[in-house]
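[1] give me coordinates for this.
(chains A and B)
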Amino acid sequence: LVENVKLLDRYTNRKAANGTLYLTATHLIYVDASSEVRKETWILHHHIASVEKLPLTTAGCPLLIHCKNFHVAHFVIGQERDCHEVYTSLLKLSQPVKPEELYAFSYNPKMSKDNREIGWKLIDLKVDYQRMGIPNDYWEITDVNKDYEVCNTYPPEIVVPRAANKATVIGSSRFRSRGRIPVLSYLYKENNAAICRCSQPLSGFSARCLEDEQMLQAIREANPGCAFMYVVDTRPKLNAMANRAAGKGYENEDNYDNIRFKFIGIENIHVMRNSLQKLLEVCETKSPSMSDFLTGLENSGWLRHIKAVMDAGVFLAKAVKDENASVLVHCSDGWDRTAQVCSLASLLLDPFYRTFKGFMVLIEKEWIAMGHKFSHRCGHLDGDPKEVSPVFTQFIECVWQLMQQFPCTFEFNERFLLEIHDHVYSCQFGNFLGTCHKEREDLKIFEKTHSLWPFLLQKKQELRNPLYKGFTAYKELQPNTLPFSFQFWCGMYNRFDKGMHPKQCVLDHLLSCMSQKMKLEDNASELENKLPFLDGPLPSEACSLSKVGSAASKTPMLNTPQDYEGEPPPVLTNGISVGNVDVMSDVDQKNKENLCNHQDLHDLNDTNVLDSEAREGEPQCH
Amino acid sequence: MEFSELIKTATVESVLLSCAGLPPVRGTLCITSHHLLLSSCPGGDGQPGTMELWLLIRNVDAVEKRVQNLGWYQPPRTNDSPRDTRLAGSSGTITLRCKDLKVLQLEIPGMEECLNIASSIEALSSVDSVMMMYPFFYRPQDLRLEEGWHLFPLEQYFQQIAAQTSQWRLSDLNRDFTTCPTYPADVIVPAAVSDDTLRRAARFRQGGRFPVLSYYHPRNGTVLLRSSQPLTGPNRKRCPEDEVLLGMVLDEGERGFIIDTRSAQAAKQARMTGGGTEPKSSYPQWKRLHRPLERGRPLQESFIKLVEACNDASLSMDRWLSRLESCRWLSHVKAALSTACLAAQCLDREEASVLVHGAEGTDTTLLVTALAQVILDPGCRTVVGFQGLLEREWIEAGHPFHLRCARSAYSHARLKQEAPLFLLFLDCVWQLSRQFPFSLEFGESLLLTLFDNAYASDYGTFLCNNEKERCLCKVKENTHSLWAWLNQPEEKKKYLNPLYSHNPLVIWPSVEPQSIQLWQGLFFRWIRPSQYLDEARAEMQRLVEGNEAPAKESAGSRLSRSLSDPAAWTENER
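    Okay, the predicted model is just below:
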């Protein structure tokens, strides 16, 4: 507990708040003592990406905290010694060494064992394969990997062509980096074209593998409507060629029958990490000019990378839908770019994945089950910083970009994406721990932790998209991928700079319109049942949900201008997530927005109106 | 001059019209004095019924022609028809780039017809005489000529002020436009200053634009004034009457701010050409702030470059962002909003009166005063209040629409005095509406309509450069007012913001770059597919209205229909 701490607002010279800093086992909590309403800032230790002690100032010792959800908190602590203690504690708390130290293993929302288990069963990938019509004449679900003999980063059950026997599978796995053989990701029922995924072949300059060739042939022949299949390498050609020297590489078109090989050119995790770093620097610049911002945005390359991922997803979807062709996708290991591209293509092709349930399935299937290394990419544990990369963030952003173009096609809203993004880093739930299915089994996450999905479904009312026109309104999406269709996502990268966001929230207003409408319905549960879950009713979703967690789901519903005042002060609840607190501080913020915003202007218009006479001599460029 | 002299070919059959986002249509092209008319062949090309395109020729910004002489080409003689052989002979393509940024392509059989049509359109679209323009000929049946012209008398605006203070008076010293040719007949001035003093002060201001009241802030009685630059010149001339006039605005000990929309250096340089700025010594109570805003040619070029970039589909992400940056349009938006906020802040927070001027006081000055009022005054944020604001602060205040909006972003003609200040203003209002989605009674569609009409219109509202010219041309007697048309209940409905709810507070926008967006609805109106966004709008309307009165249901679908109607397609409407 440290008293007399100031929290500086990043964008304004608003009089710094004075308050108290608390360190709990899981959170850093700052309570603002100076304002009349209790205002709190909660930062989960797991969300802390970096802690910096800045040079001592007259006001005290500044401590700068960057979070993985792009929150930046700038504290000034009166006493140097206190600051140092906070600093070292946070360093330790934010970088756990052992998995058991992660929040998920201590998070206890007081839920019965049965409900916890039901929660884990909410998403069943088999049901999704059934939805695609698998098993069928061409595809089967096999447990060939039940002991992780084929591939230790794949789940025990995988979908492969019926025509590929065990010998083919095993043979192919020896020819694929880390044994990640081609498996089915999505089957487009309308024409039997499939999206499959794998890792790069160990082809070097000339190596071949008969079984691998048979495997690809089997995939191609599982789609009798098309004489060829695409093999898409999502890497830039140069990277793929460089890999050949290490005995890896890409498919030689001469060795595989009727494949069309194509590079797509998405950059690797290191480029993406650096790009995000540059983007965040731009976002953090204090009062940049328009030119600074746009130049910075361009130089970061971030939107270029987002466009590359989107273009790849669009290519896949078009190949499947318009050319009736199956596609096999890989990058190097097939767990980063491949996951992005396959999940995006599925989202474009199948409206189910644009529902709450479907999106959960999609993430479970293409990211969690197929071994996207969340633990490494998100830096859950103290480890190699070069393994950290915003691959999943990019996917989430692509979905957001689609929401901008197709506002009525998603059942959920932007907040759902942000919640998921928060929890990928929060380690509060077991879903994203570890790097693959086997590791999660070893960690016993199914026994010891909770699943995120029931927790999110419980908050469905505030995460839904009021403009959603239902499951059947739109089928495939064909997004525009011209550069102007990609916008900077202020709601993500400057999410905690409330002053930048629209001052009145359309989403809240529409949600409240919607909830009023729902009240008029005779039976709310009846409405639930109308929601399009194609894979049958969930295991008593509604009843189990009501008991999950104790986190309050109070949301700011009304946000019409008349409601600027009179919102209750945020109350702290047990076991709350940071996401919740954000929503609450949001309410608080909005009350004041209209009143205190002029302070920003002081700042923007060259500090103060009063001293600008002194600056007259200088030419001012904007 | 007779229009018929300019029309070399009046009718061509079998012209193929294509326009982004719509299926091509084949029909008969007809050129009239003011319109390009294309009516599709009934039943032809799978078109049910007749479609008609009416394009106001004044809307054409640039005509590009390309002729192909295919005389040497022998088409395979399989199923040829007379039309085919004629097509094979020669044909031409005319690309019409419109002031509202839409691009149309006409494929015209016959080289000569093509060239004739192109030169007719060129000649007709460059007719510069106001009295020859379409508003003087347009006579809709459901409107009366005088309607809409006297909706917002300054007298009425003055009465609101007079109800709160007696410090201001309405003066008609400019009734014959001699004191200031670009001011309206009536202006609001300090009650204590005589018309004589005003006349003398006017001689000290460029174009006679002496300081007048633009806005009275009822919350604290401070005022927003506007004028042109003082004519101090190289010898630092003074004018006691001008000093008295400005002195009368402030009580003893009160402080005011002068926001000069030029840089300090530019203001200083203006002295060499007879202009200048208010020296501290002569106006001790006024503090000068310089906020340079772009205008004139650089602003027009910024607009042209932006539109070029928007139309270039071949750009990579990096090139797009770099061109968005280098055209500087968004920088101008940010600067305009910031300066308007500064003015508003001086009034509302510093409780100080403000005088805004640049050089002539007809461009950036009006941009700032009008925007500041949208920020401060909830009354300006209704459909009618916004019209009143435009009437007072742009039209009557003498923004030279005829000169500034003569050409839009595509024209190849040598630039004269074109500059998109009004568009910049509309863009800033759009930014406000995005940041305060419930606070403006009108939506994007009204801003788009205003943009379209400022550049080419059936109505007389934006004709001429000032009230004097409007009087000479008898605009108010011989043309219809845009407001009369907009305010018809059925029409007005299309422009309403379904989320509107009166917000009595000042709306302070964020001017961080992250908060300022490119106005896609304008710059990509004819390029981006709008279906999904229109559906979202309709859905939103349905949701909001369903909440209030389920009976209004039909308005939503009507709105979506009119919005998803990008070209000016009318089905035998006229």
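
[2] all contacts plus neighbour counts: C-alpha atoms, from now on.
    Will do.

[3] now do the contacts for A:N18.
    A:N4, A:V5, A:K6, A:L7, A:D32, A:A33, A:S34 (C-alpha atoms under 8 Å, 6 or more residues apart in numbering or on different chains).

[4] among these, show me the least confident.
    When those are compared by pLDDT, A:N4 scores lowest at 65.

[5] apart from its chain neighbours, what residue comes closest to the residue in chain A positioned nearest to chain B?
    Per C-alpha to the nearest C-alpha, A:P502 is where chain A lies closest to chain B, at 3.9 Å. With C-alpha to C-alpha, 6 or more residues apart in numbering or on different chains as the criterion, A:P502 has its nearest non-adjacent residue at 3.9 Å, and that residue is B:Q435.

[6] contacting residues around the one you found?
    By C-alpha under 8 Å, 6+ apart, B:Q435 lies in contact with A:H501, A:P502, A:K503, A:Q504, B:P509, B:S510, B:S515.

[7] now do the last one against chain A, distance only.
    Just to be clear, that refers to B:S515. Computed as C-alpha to the nearest C-alpha, to the nearest Å, the B:S515 to chain A distance reads 5 Å.

[8] please save the CA atoms from stretch A:328-338 in CSV.
    What follows is stretch A:328-338, C-alpha atoms only, in CSV (Å, rounded to 0.1, in the frame of the first residue of the first chain):
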residue,chain,number,x,y,z
LEU,A,328,-3.8,-26.2,-48.4
VAL,A,329,-2.3,-23.4,-46.3
HIS,A,330,1.0,-23.3,-44.4
CYS,A,331,3.6,-20.9,-43.3
SER,A,332,6.7,-22.2,-41.4
ASP,A,333,5.3,-24.1,-38.5
GLY,A,334,1.7,-23.5,-39.4
TRP,A,335,0.6,-22.0,-36.1
ASP,A,336,0.7,-18.3,-36.7
ARG,A,337,0.0,-16.9,-40.1
THR,A,338,-1.8,-20.2,-41.0
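
[9] okay, B:G385: pLDDT?
    95.

[10] send me stretch B:6-15 as CSV with only the CA atoms.
    The C-alpha coordinates for stretch B:6-15 follow below in CSV (Å, rounded to 0.1, in the frame of the first residue of the first chain):
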residue,chain,number,x,y,z
LEU,B,6,-23.7,25.8,-77.8
ILE,B,7,-25.4,22.5,-78.5
LYS,B,8,-23.8,21.0,-81.6
THR,B,9,-25.5,17.6,-81.3
ALA,B,10,-28.6,17.3,-79.3
THR,B,11,-29.5,13.6,-79.5
VAL,B,12,-27.6,10.4,-79.9
GLU,B,13,-29.0,6.9,-79.9
SER,B,14,-27.6,3.9,-78.3
VAL,B,15,-25.3,5.4,-75.8
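
[11] stretch A:125-144 - what's its average pLDDT?
    The pLDDT scores in stretch A:125-144 average 94.

[12] end-to-end on it?
    Distance between the boundary residues of stretch A:125-144 (C-alpha to C-alpha, to the nearest Å) amounts to 17 Å.

[13] rebuild the contacts of B:Q435 as CSV, extending it with pLDDT.
    Listed next are these as CSV, based on pLDDT from 0 to 100:
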residue, pLDDT
A:H501, 90
A:P502, 90
A:K503, 88
A:Q504, 89
B:P509, 95
B:S510, 94
B:S515, 95
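
[14] can you pull the contacts of B:L231?
    B:F204, B:R205, B:Q206, B:K237, B:R271, B:G274, B:G275, B:G276, B:T277.

[15] residues in contact with the spatially most central residue of chain A?
    Centroid-nearest residue in chain A: A:H421, 3.9 Å away (criterion: C-alpha atoms, centre = their mean). Listed by C-alpha under 8 Å, 6+ apart, the contact set of A:H421 reads A:N69, A:T393, A:I396.

[16] need the pLDDT of it.
    97.

[17] for it, which three-state class applies?
    Here A:H421 is helix, with the state taken from DSSP: H, G, I helix; E, B strand; the rest coil.

[18] who in the stretch 201-350 of chain A is up against chain B?
    A:287-291, A:293-295, A:297-299, A:301, A:303-304, A:307 (C-alpha under 8 Å from any C-alpha of the partner chain).

[19] among these, which are in helices?
    Using DSSP state H, A:M290, A:S291, A:F293, A:L294, A:T295, A:L297, A:E298, A:N299, A:L303, A:R304, A:K307 are the members of these that sit in helices.

[20] report whether A:V232 is found in a strand, as I expect.
    Yes: per three-state DSSP, A:V232 lies within a strand segment.

[21] how about it, what does it touch?
    A:V232 sits in contact with A:F261, A:K262, A:F263, A:I264, A:V327, A:L328, A:V329, A:H330, where contact means C-alpha under 8 Å, 6+ apart.

[22] the last one reaches A:V341, doesn't it?
    Read that as A:H330. No: assessed by C-alpha atoms under 8 Å, A:H330 is found out of contact with A:V341, at 9.3 Å.

[23] phi first, then psi, for the residue nearest to B:Q164 when sequence neighbours are not counted.
    Among residues not flanking B:Q164 along the chain, B:P218 sits closest, at 7.7 Å (C-alpha to C-alpha, 6+ apart). Torsion angles at B:P218 (phi, psi; degrees, to the nearest 10) stand at phi -60, psi -20.

[24] can you count the residues close to B:P218?
    By the measure other C-alpha atoms under 10 Å in any protein chain shown, the count of residues near B:P218 is 14.

[25] measure it to B:Q167 for me?
    13 Å.

[26] what do you get for A:P466?
    Plainly put, A:P466 is 52 Å away from B:Q167 if you go by C-alpha to C-alpha.

[27] over to A:D292?
    Noted for A:D292: a distance of 46 Å to B:Q167, by C-alpha to C-alpha.

[28] for the stretch 251-400 of chain B, just list every one of the helices.
    B:264-269, B:296-311, B:317-327, B:329-348, B:364-376, B:383-390 (DSSP state H, counting those that start in this stretch).

[29] distance to A:S426 added to these, as a markdown table?
    Output for these, formatted as a markdown table (distance: least, C-alpha to C-alpha, whole Å):
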| stretch | distance to A:S426 |
| --- | --- |
| helix B:264-269 | 52 |
| helix B:296-311 | 41 |
| helix B:317-327 | 33 |
| helix B:329-348 | 37 |
| helix B:364-376 | 41 |
| helix B:383-390 | 48 |
